[in-house]
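Undergrad: Got a predicted structure here, sequence first:
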Amino acid sequence: MGDNPARLYRLDGVAHIAGVINDELLGVVPPPSQVQKYAVNCSWFQETFGECPEGADDETVRRYARAYIMMLLGTQLFADKSGNRIHIRWLPYVARLEEMGTYSWGSATLAWLYRCMCQVANRHVVKLVGPLQLLQSWIFWRFPRFRPAGYETFSWPLASRWSGYNSSGSEKGPRVQMWRLRIDRLQDREFIWMP
């Protein structure tokens, strides 16, 4: 978007090069009560852009599409620890919808997951963030021993198979110890190596 000062967007007193959000991108500016530094509350996005009005013109549909894509990027693919805010770093990417397909979103998502997994390896970090549904799907796909009973069916997208899964154990400590022991005892024949 360049460093043109006329295109700076101020969010909580901090200037960002993200375009003119009120005219070009979303059509509205979040109220100050919905803004926390560099992020906007998900609830504001859901209330404002929850359902596209019937018979909306092309520009309105584009605004709703931008908001929806921002919610997907900020809460599913590149989630952070807040879990309820969407960072405005995604504004430049949704500014030009026609260019979104030129980015390697899969590579970026995988890199973000690896980064998050590296950070959680630090003993002072207690929460894992990132696209955990993809990690869970990969684990259940590659480690059949770790799959819950009854989740052998194929459906698309693959990660949707696990959407209804809730572990039965409620105590975190014993469950973590049990899974660590299962991982320690894992044999090479218990992993699916071939794609």
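TA: Perfect, thanks for sending it.

Undergrad: contacts, neighbours, all on C-alpha from now
TA: Will do.

Undergrad: domain parsing for this protein?
TA: Domain ranges of the chain: 5-102, 131-195, per automatic domain parsing.

Undergrad: Quick one: mean pLDDT over the shortest one.
TA: Mean pLDDT, domain 131-195: 72.

Undergrad: Next one: the residue nearest the centre of the chain, what pLDDT does it get?
TA: The centroid of the chain falls nearest to residue 76 when counting by C-alpha atoms, centre = their mean (2.2 Å). Predicted confidence (pLDDT) for residue 76: 87.

Undergrad: mind listing what it touches?
TA: Applying C-alpha atoms under 8 Å, 6 or more residues apart in numbering to residue 76 gives the contacts 130, 131.

Undergrad: Repeat that for residue 124.
TA: Residue 124 neighbours (C-alpha under 8 Å, 6+ apart): none.

Undergrad: tell me which element residue 186 falls in.
TA: Per DSSP states H and E, residue 186 falls between elements, in no helix or strand.

Undergrad: Could you count how many residues lie near it?
TA: Neighbours of residue 186 under the rule other C-alpha atoms under 10 Å: 13.

Undergrad: Tell me how far it lies from residue 129.
TA: Distance of residue 186 to residue 129, given as C-alpha to C-alpha, to the nearest Å: 25 Å.

Undergrad: Got phi/psi on the residue nearest to the centre of the chain?
TA: Main-chain dihedrals, residue 76, degrees, to the nearest 10: phi -110, psi -60.

Undergrad: Work out for me the element residue 62 sits within.
TA: helix 58-72.

Undergrad: for the helix or strand just after that helix, packing partners?
TA: Counting by DSSP H and E, the element after helix 58-72 in chain order, helix or strand, is strand 85-87. Under the contact criterion of 3 or more C-alpha pairs under 8 Å, 6 or more residues apart in numbering; DSSP states H and E, strand 85-87 touches strand 39-41.

Undergrad: partner strands of the strand it packs on, parallel or antiparallel?
TA: Strand pairing for strand 39-41, using DSSP bridges, gives strand 35-36 (antiparallel), strand 85-87 (antiparallel).

Undergrad: looking at the ones you listed, which is buried most?
TA: strand 85-87 (a mean of 24; mean count of other C-alpha atoms under 10 Å).

Undergrad: Any chance you could list what contacts it?
TA: Residues outside strand 85-87 that contact it (C-alpha under 8 Å, 6+ apart): 38, 39, 40, 41, 42, 70, 71, 74, 75.

Undergrad: Also stretch 98-107?
TA: 93, 94.

Undergrad: So what would you say the end-to-end distance of that stretch is?
TA: Start and end residues of stretch 98-107 are separated by 19 Å (C-alpha to C-alpha).

Undergrad: per-residue confidence averaged over it?
TA: 91.

Undergrad: can you give me the helices in this structure?
TA: 42-49, 58-72, 91-95, 105-120, 132-142, 172-184 (DSSP state H).

Undergrad: Adding distance to residue 28 and mean neighbour count as columns, could you present these in a markdown table?
TA: Converted to a markdown table, those look like this (distance: least, C-alpha to C-alpha, whole Å; neighbours: other C-alpha atoms under 10 Å):
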| stretch | distance to residue 28 | mean neighbour count |
| --- | --- | --- |
| helix 42-49 | 9 | 15 |
| helix 58-72 | 10 | 18 |
| helix 91-95 | 13 | 19 |
| helix 105-120 | 27 | 15 |
| helix 132-142 | 31 | 16 |
| helix 172-184 | 42 | 11 |
